[in-house]
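A.B. asks: The following comprises the amino acid sequence and a computationally predicted model.
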Amino acid sequence: MADQLYKYGYVKEKYKAALLEREKHFPTGLPSSQPAVAIPHANADLVNKTTLAVATLAEPIKFKNMGNVKEDIPIKIVIMLVIAEPHSQVEMLQKVASIVQNEKLRKQFLQVLNKKQLLELVQLAIGD
Amino acid sequence: MTKHILVACGNGIATSTVVATKIKEYLKENGIDADTTQTRLTEVSSKVANYDLLVTTGQFSGDTHGTPYVLGLSLLTGIGAEKTLADIKAALVNQEV
């Protein structure tokens, strides 16, 4: 995901390394009912243009639990928060939190047939 | 008297923003005047002594210098959020007694 963000100019070259480094110390797996969500993100100064990168996974990937770094969580939805100016993104962040809190919506994420449908769902949830 | 709450997460930017906003709204509804300061988890130990309460979204096992501490991850995931908010309010109110 990070490679594509770099390829399309959303982030600086060091973003990917910073993301992986940060995940080791401050994991972003969120404990919820399945399908669970992770919200990887790194320093704002490595972001050129604010966006969200969303992926639904056929096979779950283990992230560590943000609240308990020893615990694994099988993640099936990744919502990468690519934020250049965090303080102006409160509303968007709250909407991402609302996705995490909405099991029905999370299940819908996994039922989409193509990227276009996923985008529509995200736009509906974020209200862009 | 205004309560000062330190809200920390990995980078001190994303999840602490969501949690700080939720806490302020809740406390306002409950007639408690409070302000929040956001910081990185790595900076908590050096700052926390000046605050009335520490709330983090990530795991924190460092020194809180006696400042009451509530894990606020549930305010992000929604599971147990009500209880966490009640704990936060109790931690602030008990200080005045």
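C.D. replies: Structure received.

A.B. asks: which outside residues touch stretch A:40-49?
C.D. replies: The contact list for stretch A:40-49 (CB atoms under 8 Å, 6 or more residues apart in numbering or on different chains) reads A:9-12, A:14-15, A:18-19, A:21-23, A:28, A:78, A:80-86, B:11, B:13-14. In short, each C-beta sits where N, CA and C put it, glycine included.

A.B. asks: Put the buried members of those residues into a PyMOL selection.
C.D. replies: Selection of buried members from the contacts of stretch A:40-49 for PyMOL, criterion 16 or more other CB atoms under 10 Å in any protein chain shown:
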select buried, (chain A and resi 10+11+12+15+18+19+22+23+28+78+80+81+82+83+84+86) or (chain B and resi 11+13+14)
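
A.B. asks: now, which of the contacts of stretch A:40-49 lie within helices?
C.D. replies: Members of the contacts of stretch A:40-49 lying in helices (criterion: DSSP state H): A:15, A:18, A:19, A:21, A:22, A:23, B:14.

A.B. asks: wait, which of the residues you listed is closest to residue A:51?
C.D. replies: Of all these, the one with the least separation from residue A:51 (CB to CB) is residue A:15, at 12.1 Å.

A.B. asks: so the closest one sits right up against residue A:6, yeah?
C.D. replies: Yes: between residue A:15 and residue A:6 there is a contact at 6.5 Å, judged by CB atoms under 8 Å.

A.B. asks: what about the strands in the chain?
C.D. replies: Going with chain A. Taking DSSP state E, the strands of chain A run over residues A:29-30, A:36-38, A:51-65, A:68-82.

A.B. asks: should've been chain B
C.D. replies: B:3-9, B:34-40, B:53-56, B:69-71.

A.B. asks: got the buried residues for the third one?
C.D. replies: Counting neighbours by 16+ other CB under 10 Å, one finds that the buried residues in strand B:53-56 are B:53, B:54, B:55, B:56.

A.B. asks: could I get the strands of chain A as a markdown table with distance to chain B and mean pLDDT?
C.D. replies: Converted to a markdown table, those look like this (distance: least, CB to the nearest CB, whole Å; pLDDT from 0 to 100):
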| stretch | distance to chain B | mean pLDDT |
| --- | --- | --- |
| strand A:29-30 | 5 | 97 |
| strand A:36-38 | 9 | 98 |
| strand A:51-65 | 8 | 96 |
| strand A:68-82 | 5 | 97 |
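
A.B. asks: Tell me which of those strands is the most buried.
C.D. replies: Greatest average neighbour count among the strands of chain A goes to strand A:29-30 (a mean of 26), per mean count of other CB atoms under 10 Å in any protein chain shown.

A.B. asks: is the residue most central in space within chain A in a bridge, and if so with what?
C.D. replies: Chain A has residue A:79 as the residue nearest its centroid, 1.6 Å off, counting by CA atoms, centre = their mean. Residue A:79 has these beta-bridge partners by DSSP bridges: residue A:54.
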